[in-house]
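Participant: Okay, here's the prediction I keep looking at, along with the sequence it came from:
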Amino acid sequence: MISKVSIEMISAPDAFNAVYNIDGAILYNKKDVSDEKPYFYTAFISDETMYMLRIQAGKKPFVDWNYKFVQPSSDDIFADPLLQVKEANYIVPG
């Protein structure tokens, strides 16, 4: 059983000083409903941008998918007002 999880960039140059904050939690799903595999889910902020990712658990964990959330432009919000809704049920793949 995994008791600790760390998310670090692999093969980053020495001069790279990533600054990111995980202020919430990491969710561990033992058995995903779609494929019955175990996954970790987390989100973090880096350089004022929010990222969400899913990591397939196992002997060699890997990032299965990730999303970068950006602030929509005023024109985009005018065309689709739901873009400015800040509720989790509106966060869906585009």
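Facilitator: Cool, got the structure. Residues are numbered from 1 along each chain as shown.

Participant: mind listing the helices for this protein?
Facilitator: 74-79 (DSSP state H).

Participant: burial count for Ile26?
Facilitator: Burial of Ile26, expressed as a neighbour count using other Cβ atoms under 10 Å, amounts to 14. Backbone N, C-alpha and C define where each C-beta goes, glycine included.

Participant: surely it meets Tyr41?
Facilitator: Yes: with the criterion set as Cβ atoms under 8 Å, Ile26 and Tyr41 qualify as a contacting pair; they are 7.1 Å apart.

Participant: so where is the protein shaky, pLDDT-wise?
Facilitator: Low-confidence regions of the chain, defined here as pLDDT under 70, cover residues 1-14, 16-24, 86-94.

Participant: If we use 50, what do you get?
Facilitator: Applying pLDDT under 50 to the chain flags residues 94.

Participant: Figure out the length between the terminal residues of stretch 33-45.
Facilitator: Using Cα to Cα, to the nearest Å, the span of stretch 33-45 from its first residue to its last is 27 Å.
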